[in-house]
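[1] Next comes the sequence, and after it the predicted model I'd like to discuss.
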Amino acid sequence: MGRLLRMGGVLRYSASKDTVPATLNGVENFYFVTESPGRPRALLEKGINAMAKVGTGAGVRRPAVMIRSSPWKAGSEQTPWHDVFDIDNGHVRYFGDHKPETTSSVGTTTGNAALLEAFDSHQSPTAEGRAAAAPLLLFRSVSKDGKVKGHVQFCGVAVIERAERVVQWGSQDRTTFTNYVFDLVVIDLTAEGDTLDWDWITARRDPDRTDAQVLELAPKAWREWVKHGRSVLPKMRRRVARSRVVKVRDQRPLPGDQMDADLQAVYKRFDNDKHAFETLAAIVAAKVMRGSGHSYDEGWLTRRSGDGGADFVGRLDLGSGLAGTKLVVLGQAKCIKPDSLVSAEQIARVVARLRRGWIGVYVTTGSFSEPAQLEMVEDQYPIVLINGRDLIKELHETADKDYGGDLMGCVEDLLSSRSLEVLSRRPEEILLD
């Protein structure tokens, strides 16, 4: 593992440009982290900084194009454009370096020319062409300790998705000028722990290394893009919400272990008795809700027909008296094969029933698809998801505590002793109980 650039990490960009020490006043030294022995220093003196090309046996390769945005200059006569850095959603809109006073043709300035060249290689129809393409390394000037200069924040690795000519206002007399704007896809570095290993860039600067050899050091998402092209851009785009998504394999017990056998047994028990599973789901949901330390009323089950996407109703009580409130809990129970997935559309059906101040809970013997979870996180759905593995875990805690570990005995006793009424009441009526 080499020297790492960390997503969101701040580095000291000093005027001395010394590669040592590793840190300056407790902040990582930009020149230390980006040092490639035997090669010129990486610099961020301009907005667009294209590293010098190196000749390889197959042609030439530009190691990288380094981008620096300075937010506090936006709207000034020197920098009349406003770059957009939406790193959490993997999108950057970056304006080129043509300015109102530039006399050369648009697209011929040093920075715009470098980005247009990179754009052409990013649009290559072949994996070989994309393997030689220059990655964009994104930085943003940030203030630290009251100083607006001398510090930069690493904002990721990007591919140019789109280039567009635009007409902008510029200078104090409000004249217009033409420039380029670039839409960038910031790639997902989750597989690398949200870091970029500078060894990849150092390798790209080595003329003795082939594009294939260099690619082995690239981030996983970059390798996927090189292999498949723009069709995988939506999949490889950085999304902070993805960190809260649980992979399907982690929602299921390990094949062959006791929890797996127990989940299969629960599924078989309720496969042809879905209304009984709704009772069990309501009980487990109550256990999860009470686990937060709040009072919970289990409410009732809805009738088989006309439930409108809800199988049970409960109420979560927060606080007490004037300092308290009550929330309607709308529950959905789905007994499906343990290797089956609940889709985003199925979750959305429950969410569509929720009114302001209500929350949902979805209990299943299966798992929740990753796109469904991503949609839930990004749209901030007020819903609790209980997958098959968590369902069995909650039941085991009760069985181990009160039934000597007899899971199915525990399940049957819960059903007989905690049978819920089946009612046609409106969900909001539980607030009056």
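    Right, received. Where do you want to start?
[2] Which element is encountered next along the chain beyond the top strand by length along the chain?
    Across the chain, the longest stretch assigned as strand under DSSP state E is strand 151-170. Next along the chain after strand 151-170, taking DSSP states H and E as the criterion, comes strand 175-186.
[3] tell me the mean pLDDT for whatever helix or strand comes next after that following strand?
    Moving toward the C-terminus from strand 175-186, the next helix or strand (DSSP H and E) is strand 195-197. For strand 195-197, mean pLDDT is 97.
[4] May I see the buried residues of the helix or strand that strand 195-197 is followed by?
    Later in the chain than strand 195-197, the nearest helix or strand by DSSP H and E is helix 199-204. Neighbour-count burial for helix 199-204 flags 200, 201, 202, 203, 204 (criterion: 16 or more other CB atoms under 10 Å). Any C-beta I mention is one placed from the backbone N, CA and C, and that applies to glycine too.
[5] Could you list every helix and strand in contact with helix 199-204?
    On a contact count with 3 or more CB pairs under 8 Å, 6 or more residues apart in numbering; DSSP states H and E, helix 199-204 meets helix 211-215.
[6] what's the nearest residue to residue 362 if we skip its chain neighbours?
    Of all residues not flanking residue 362 in the chain, residue 332 sits nearest, at 4.8 Å (CB to CB, 6 or more residues apart in numbering).
[7] Test my guess that the one you found contacts residue 311.
    Yes: taking CB atoms under 8 Å as the definition, residue 332 is a contact partner of residue 311 at 5.5 Å.
[8] And the pLDDT for residue 305?
    59.
[9] do the same with residue 163
    97.
[10] Beta-bridge partners for it, please?
    residue 182 (DSSP bridges).
[11] when you give positions from now on, start the count at 38
    Yes, from this point I'll number from 38; that puts the last item at residue 200.
[12] which residues touch it?
    Residue 200 sits next to 152, 153, 156, 217, 218, 219, 220 when contact means CB atoms under 8 Å, 6 or more residues apart in numbering.
[13] List the residues that contact the first one.
    Same thing as residue 152. Contact analysis of residue 152 by CB under 8 Å, 6+ apart lists 85, 102, 133, 173, 197, 200, 217, 219.
[14] Next, the contact list for the fourth one, please.
    I take that to be residue 173. 101, 102, 103, 104, 152, 155, 194, 195, 196, 197, 221.
[15] how does it look with 10 Å?
    85, 101-104, 129, 131, 151-152, 155-156, 159, 193-197, 219, 221-224 (CB atoms under 10 Å, 6 or more residues apart in numbering).
[16] How about the second one?
    Residue 102 makes contact with 85-88, 148, 151-152, 154-155, 171-175, 195, 197 under the criterion CB under 10 Å, 6+ apart.
[17] now do the fifth one
    When contacts are counted by CB under 10 Å, 6+ apart, residue 197 is found next to 102, 129, 131, 152-153, 155-160, 170-171, 173, 219-222.
[18] Just the buried ones among these, please.
    Neighbour counting over the contacts of residue 197 (16+ other CB under 10 Å) leaves 102, 129, 131, 152-153, 155-156, 158-160, 170-171, 173, 219, 221-222 as the buried ones.
[19] Inside helices: which ones of those residues?
    152, 153, 155, 156, 158, 159 (DSSP state H).
[20] Residue 410: which of these is nearest?
    Taking CB to CB as the measure, residue 159 is the one of these closest to residue 410, at 29.8 Å.
[21] ok, that closest one to residue 127 distance?
    15 Å (CB to CB, to the nearest Å).
[22] which residue packs closest to residue 468, ignoring adjacent ones?
    residue 363 (5.2 Å).
[23] can you check residue 89 too?
    Nearest to residue 89 is residue 77, by CB to CB, 6+ apart, at 7.0 Å.
[24] Just confirm the one you found contacts residue 91, I think it does.
    No: the criterion here is CB atoms under 10 Å, and residue 77 misses it with residue 91 at 11.3 Å.
[25] Quick check on those two: which one has the bigger neighbour count.
    Applying other CB atoms under 10 Å to residue 77 and residue 91 shows that residue 91 carries more neighbours, namely 16 against 9.
[26] residues contacting the more buried one?
    Applying CB under 10 Å, 6+ apart, the residues near residue 91 are 76, 97, 98, 99, 100, 241, 242, 243, 244, 245, 246.
[27] Of all pairs in these, which one spans the longest distance?
    So, these by CB to CB: farthest apart are 99 and 245, at 16.5 Å.
[28] List the buried residues for stretch 461-470?
    So, applying 16+ other CB under 10 Å, buried residues of stretch 461-470: 464, 467.
[29] how long is it end to end?
    In stretch 461-470, first residue to last residue: 15 Å (CA to CA, to the nearest Å).
[30] averaged over its residues, what pLDDT does that stretch have?
    91.
[31] tell me how far that stretch is from the chain's mean position?
    37 Å (CA atoms, centre = their mean, to the nearest Å).
[32] what does stretch 73-89 give?
    That offset, for stretch 73-89, works out to 30 Å (CA atoms, centre = their mean).
[33] swap in stretch 415-424?
    15 Å.
[34] What residues sit buried inside it?
    Those would be 418, 420, 421, 422, 423, 424, for stretch 415-424 by 16+ other CB under 10 Å.
[35] for stretch 191-200, same thing?
    Quick answer for stretch 191-200 (16+ other CB under 10 Å): 191, 192, 193, 194, 195, 196, 197, 198, 200.
[36] on that earlier part again, helix or strand: which one has the residue nearest to residue 89?
    Using DSSP H and E, no helix or strand contains residue 77.
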